[in-house]
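**Student:** model the structure of this input:
(chains A and B)
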Amino acid sequence: MLELKRIIKKFYIGTENELTILKDISLTVRSGEFVSIIGPSGSGKSTFMNMIGALDKPTSGQYLLNKKPVHKMNDDELSKIRNKEIGFVFQNFNLIPKTNAIRNVELPMMYAGISPGKRTKRAKELLELVGMGDRMKHQPSELSGGQKQRVAIARALANNPEIILADEPTGALDSKTGNMIMELFLKINAKEKRTIILITHSEELALRTSRIVTLSDGRIVSDVLPRQPQNFANFKRM
Amino acid sequence: MFIENLILALESLKANKLRALLTMLGIVMGIASVIITISIGDSLTISISRQLSTFGTTNIFVLLTEVGKGSLTSTSEVLGGGSGTVLSEDDLFTDEEIEKFGKLYSNSIESISFSLPVTSGTVRDGKNYANVSVLGVNTGYLDVNNVKMETGRFISQKDIDGYKNIAVVSDRLASSIFYTQDPLLKEIKVYNNSGIYTYTIVGVYKYSKAGILTSSGRTSVAEKDLQTQLFIPVSTAKQYTGTKGYSTFALKSAQGVNTLRFAETTEEYFKKLNRGSDWTVTTVNMENELATMIQIVDTVSGGLALLAAISLIVGGVGVMNIMLVSVTERTKEIGTRKALGARRVNIRSQFIIEAMFLSLIGGVLGVIVGLISATIAAPIIGTKMTVNIPVLTLCVLFSMGIGVFFGYYPAEKASKLDPIEALRYE
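**Tutor:** Purely as a prediction, here's the structure:
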């Protein structure tokens, strides 16, 4: 469903400072997988996430999302992909300030051109799903970190995207709240059969996912399935 | 999408009420000053036309002007009954000339009026007095100058032919001297430096302030000392002054006659008559005067409105400035919106509509402030307030246009933000 082939990403091309951040990365993610991408800072995690999230295009290589060639798309086509195929969850929640929970969840649907009635209904359903049914009219400033992230997850689900792309979603939360958010992701993955790609530097979180991809210096150095004991042992040894 | 953006704009403005209000202030003041200048200009135009039309737009004033001095632009000299410059007897219009002209164009002329100022003096009767200026007139004076009779009659041709010592006085004079008594056929004495003149009153006319020239209505003289005109036969007047001609006369064109064109005909006619080289003939017509004055008012108020409109540009720059600040402040929000699927056009229209809405509210407030100020100012300048709906509409639309124009650059800047960098912005 998601296919990255020989992705190379360079910055400052043609200058003295030319940097190659992603060095020939190939990765295939199947529908329904819960993949975590881990790696130390500077390993190219963020750039890789931007690539998967259709925020950025590779310098070379192919990115096929449901067989659609994302690497060839223009700005507006990328916007459409981000709108319909990908749901973003950010470390700092990135809720629109002074805009209540419902309207935040409605936002991707608004850009998709869904009628106000329909999207309010769906936004309410989604907020119920993430356990925020009683705080739908609250402004982001009136919510705790965990609550904000729940709203953000509901927003990520708004347009029924193929992939939920979560960038350090528990990074700004205490371990208990982070744990609850992780539970929510697991529930969404299991019940809704949604593909989730989790970018994190926490091995602990990664161990709870079904597949761990480790990035180092712009390359994939390991790709394991931790829920199978043998692989789990391998991962631990690394 | 438009309504979505409108709601977004409202929310954003609500979030920064004071800032929005201060930004609007420039637009408010600009629009208000445009409204004030245009309203006052309109009011002036209306009151000028109203005042000038009381003189009768069908009247033509024929007067002698000094060569090289150009034409008279002030009607006061015409209506004042002659200039201060000494004219030689040969230069003046004579009875014969005017009569001949009147006969030639009798179809175009309703009546001709000429008058001869004699003197100013005081009418006295015991303790009572009244100030007068004595004016010798012909029969046509009544019609051309729109004199309204109260009782009795006006000067007749018979009075003129007979050099009668009769007078037509104002109702003010009559009441000052005779109170409630019937003034008709009473004798009055006019005192001045050179002696005493005695007349028999044959008629009383209704005094009226003479339109534009005294329209300010603020004569420094006490009501009682007000000088009114006392009309006597022109022939009688000539006996005192010794002159035979007139430096000016007026005529009323007949109905259906093009007054402007007939004024030219008249001017040409009298120019052909041989006059000393120092003097030439000019005609003044109220319709012409009216057009000139309205044009002046229009030009002045138009110019002022343009200046006010320039101040709107300053307001627009203020809008642009605040929109740029807003875009920078909301960089992260823009990044989020882009990540959630907003296209460039979505971001651009969001900010343009916000700027437009900001200016629109400013414009509407400006119209309100302008109308209130004009309503307050109008009576102070002595005009009536007029509301010019097309101008109001135009002002509101123009303020919206300013929002779009000055909002475009910040909006374009916002739409071009790289989502990755915008998301990273703190």
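
**Student:** in chain A, what secondary structure element scores lowest on mean pLDDT?
**Tutor:** When each helix and strand of chain A is scored by mean pLDDT, DSSP states H and E, helix A:229-237 comes last, with a mean of 52.

**Student:** using the record's assignment, carve chain B into domains.
**Tutor:** Domain assignment of chain B by automatic domain parsing yields the ranges B:2-51+B:293-424, B:59-256.

**Student:** lowest average pLDDT across those?
**Tutor:** Among the domains of chain B, domain B:59-256 has the lowest mean pLDDT, at a mean of 81.

**Student:** longest single strand anywhere in chain B?
**Tutor:** Scanning chain B for the longest strand, with DSSP state E as the assignment, gives strand B:109-125.

**Student:** okay, now the sheet partners of that strand, with direction.
**Tutor:** Strand pairing for strand B:109-125, using DSSP bridges, gives strand B:128-137 (antiparallel), strand B:187-192 (antiparallel), strand B:248-253 (antiparallel).

**Student:** nearest to residue A:106, of those?
**Tutor:** In terms of C-beta to C-beta, the element of these nearest to residue A:106 is strand B:248-253, at 75.8 Å. Quick note: C-beta positions are derived from backbone N, CA and C, even for glycine.

**Student:** contacts for that closest one, please.
**Tutor:** B:56, B:58-64, B:78, B:81-82, B:93, B:98, B:102, B:108-115, B:140, B:143-145, B:259, B:262, B:266 (C-beta atoms under 8 Å, 6 or more residues apart in numbering or on different chains).

**Student:** now the buried members of these.
**Tutor:** B:56, B:58-64, B:78, B:81-82, B:93, B:98, B:108-115, B:140, B:143-145, B:259, B:262, B:266 (16 or more other C-beta atoms under 10 Å in any protein chain shown).

**Student:** pretty sure residue B:3 belongs to a helix, no?
**Tutor:** Yes - with DSSP: H, G, I helix; E, B strand; the rest coil as the criterion, residue B:3 is part of a helix.

**Student:** pick the most buried one from the domains of chain B.
**Tutor:** For the domains of chain B, the largest average neighbour count (mean count of other C-beta atoms under 10 Å in any protein chain shown) is found in domain B:2-51+B:293-424, namely a mean of 19.

**Student:** which one's the longest helix in chain A?
**Tutor:** In terms of residue count, the longest helix belonging to chain A (DSSP state H) is helix A:175-191.

**Student:** which elements pack onto that helix?
**Tutor:** strand A:34-38, helix A:145-156, strand A:163-167, strand A:195-200 (3 or more C-beta pairs under 8 Å, 6 or more residues apart in numbering or on different chains; DSSP states H and E).

**Student:** what sits against residue 158?
**Tutor:** With no chain named, the answer covers chain A. A:87, A:105-109, A:119, A:122-123, A:126.

**Student:** try again with chain B
**Tutor:** Counting by C-beta under 8 Å, 6+ apart, residue B:158 has contacts residue B:164.

**Student:** what residues does chain A have near chain B?
**Tutor:** A:50, A:53, A:55-56, A:75-76, A:79-80, A:82-84, A:88, A:90, A:94-99, A:107-108, A:110-113, A:155, A:159 (C-beta under 8 Å from any C-beta of the partner chain).

**Student:** what about the residues you listed, which are in helices?
**Tutor:** Per DSSP H, the residues of chain A next to chain B map to helices at A:50, A:75-76, A:79-80, A:82-84, A:107-108, A:110-111, A:155.

**Student:** now those residues: which count as buried?
**Tutor:** A:50, A:79-80, A:82-84, A:107-108, A:110-111, A:155.

**Student:** find the nearest non-adjacent residue to the residue of chain A found nearest chain B, please.
**Tutor:** Residue nearest to chain B within chain A (C-beta to the nearest C-beta): residue A:83, separated by 2.3 Å. Closest residue to residue A:83 apart from its sequence neighbours, by C-beta to C-beta, 6 or more residues apart in numbering or on different chains: residue B:341 at 2.3 Å.

**Student:** contacts only, for the most centrally placed residue in chain B.
**Tutor:** Ranked by distance to the mean C-alpha position of chain B (C-alpha atoms, centre = their mean), the top residue is residue B:48 at 2.8 Å. For residue B:48, the contact set (C-beta under 8 Å, 6+ apart) comprises B:212, B:290, B:293-294, B:297.

**Student:** per-residue pLDDT of the most centrally placed residue in chain A, please?
**Tutor:** Centroid check for chain A by C-alpha atoms, centre = their mean gives residue A:165 as the closest residue, at 1.0 Å. Confidence at residue A:165, expressed as pLDDT, is 95.

**Student:** that one contacts residue A:87, correct?
**Tutor:** Yes - with contact defined as C-beta atoms under 8 Å, residue A:165 reaches residue A:87; the gap is 6.8 Å.

**Student:** on that earlier part again, tabulate the buried ones among the ones in helices among the residues of chain A next to chain B (TSV), appending distance to residue A:173 and pLDDT.
**Tutor:** Listed next are those as TSV, based on distance: C-beta to C-beta, whole Å; pLDDT from 0 to 100:
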residue	distance to residue A:173	pLDDT
A:50	23	92
A:79	29	94
A:80	31	94
A:82	24	95
A:83	27	95
A:84	28	94
A:107	22	94
A:108	23	95
A:110	27	92
A:111	27	93
A:155	17	96
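
**Student:** run through the residues that contact the residue in the stretch 301-426 of chain B that chain A sits nearest to.
**Tutor:** Of all residues in the stretch 301-426 of chain B, residue B:341 sits closest to chain A, at 2.3 Å by C-beta to the nearest C-beta. Contacts for residue B:341 (C-beta under 8 Å, 6+ apart) come out as A:79-80, A:82-84, A:108, A:111-112, A:159.

**Student:** okay, now the unreliable bits of chain A?
**Tutor:** Within chain A, the segments meeting pLDDT under 70 span A:227-238.

**Student:** mind giving me the domain split of it?
**Tutor:** According to automatic domain parsing, the domains of chain A span A:2-85+A:161-237, A:100-158.

**Student:** quick one: residue A:114 from residue A:123, how far?
**Tutor:** With the distance defined as C-beta to C-beta, to the nearest Å, residue A:114 ends up 10 Å from residue A:123.
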